[in-house]
Every structure is written in structure tokens, then in C-alpha cells.
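A.B. asks: compute the structure for the input listed below.
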Amino acid sequence: MTGRIAAVLLLGVAACTPAQNGTDGELPPSSRISADSRVTLERRPCFGFCPVYTVTITGSGAVTFDGERHVDSTGVHTHTIPADSARALIASIIDAGFFDLDDRYTMDAKGCAAYHTDAPTVILAVETGAGAKTVEHDYGCNGAPAVLRQLQERVDSVAGVRRWVGSRE
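C.D. replies: Numbers count the residues shown, from 1 in each chain. Have a look, this model is predicted:
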């Protein structure tokens, strides 16, 4: 499965089998991600100068960036990407097993393992007509699956946050 996840992330294509949301209902396959579906990535502060912002991408391709601190562009900014790219992103997150991840990878969570302080926390949330899930990931938690950070970076890449964050990313 690791090879499939890497292929999905690197190529940005969705696998054929949709992930389960844990409630016996299937999430929509790639071709059925609606314009109302969305993925939101929130980067929270660290002890140093980590960029603090929230970016949301909808299935229609609308991108909203809200920069708070340690970014080149503070405030709310918008952009549009092709709807196919937005929907492929959301589908690839689902297909990578996002709905099967733990809800929290934080100091007191079961999947954390070793922990160090002063790291940022990143929250990734996906909403579709078939379900919603949020995963909180404290970067000080060394036990989080590698795919989680890869998904977070993919959201940043598809959204094009570098235009607002600058070289701090």
C-alpha cells in the first residue's frame, strides 16, 4: 500500500478503490467529488517563526488563503485553480487513506510515540457530501504516519501558497 500511496501523491492521480469512512458508507470516487467538497489546511504557530495561515480549496477550484503571521501576505487572499486539479487533490487525499487515520497525533494521543516541544501543529480537514474528517498533527509527535505530512505538503503545493508565504515555507 505504501507504493500506491506514493504513486498517488507523486502523480496526483486517484486510485480506483475509494477509502471507507469507518461507518460502512463509501466516500465518493474521484469522479464524484462535488464542487461543494473542500479541503482545509491550518498551520498553527511554533516557538519560532513558522508560517501561520489557513488555506481552503473547494471542489470548484476556489482557493482562499488567510495569512496570520510569518507570511509575506497577511489577511485573506483568493485564487482559482482548475476544478479538475482541486477535485483530484481531494480524491487523492481520500484514496491515500485519510479517513482511516487517527483524529489526533498530539502529545497525549496513542499514536504519538516520542515527543518534542515547540513544534507547529497542522490541522487537515476534508469535507465531502459523504463525510467529513479532521486530523490534528503536532509536528512534535514523531509517531504520525509519513503520509500525513505528504498530504499536508500536497495541499500547500496545489493551492500555491508559496505566492503568499514566500520563502519561509
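
A.B. asks: and the nearest residue to Thr106 once chain neighbours are set aside, bridged to which residues?
C.D. replies: Once flanking residues are discounted, Thr106 sits nearest to Asp138: 4.4 Å by Cβ to Cβ, 6 or more residues apart in numbering. Placement of C-beta: from N, CA and C, glycine included. When bridges are called by DSSP bridges, Asp138 pairs up with Thr121.

A.B. asks: contacting residues for Asp138?
C.D. replies: 105-107, 112, 115, 119-121 (Cβ atoms under 8 Å, 6 or more residues apart in numbering).

A.B. asks: tell me the two of those that are most distant?
C.D. replies: Largest separation among those by Cβ to Cβ: Cys112 and Pro120, giving 15.2 Å.

A.B. asks: what's Val165 sitting at in phi/psi?
C.D. replies: phi -80, psi -40 (degrees, to the nearest 10).

A.B. asks: surely it meets Val71?
C.D. replies: Yes. At 4.8 Å, Val165 counts as touching Val71 under the criterion of Cβ atoms under 8 Å.

A.B. asks: which residues do those two both contact?
C.D. replies: Joint contacts of Val165 and Val71 (Cβ under 8 Å, 6+ apart) are 51, 53.

A.B. asks: hey, where'd the helices end up in the chain?
C.D. replies: 2-11, 83-95, 146-159, 162-165 (DSSP state H).

A.B. asks: now these as JSON lines including mean neighbour count?
C.D. replies: Listed next are those as JSON lines, based on neighbours: other Cβ atoms under 10 Å:
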{"stretch": "helix 2-11", "mean neighbour count": "14"}
{"stretch": "helix 83-95", "mean neighbour count": "22"}
{"stretch": "helix 146-159", "mean neighbour count": "18"}
{"stretch": "helix 162-165", "mean neighbour count": "17"}
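
A.B. asks: what about stretch 67-79, average pLDDT?
C.D. replies: Averaging pLDDT along stretch 67-79 yields 96.

A.B. asks: mind listing what's buried in that stretch?
C.D. replies: 67, 70-71, 77, 79 (16 or more other Cβ atoms under 10 Å).

A.B. asks: out of the helices of the chain, which gets the lowest mean score?
C.D. replies: helix 2-11 - the lowest mean pLDDT of the helices of the chain, at a mean of 37.
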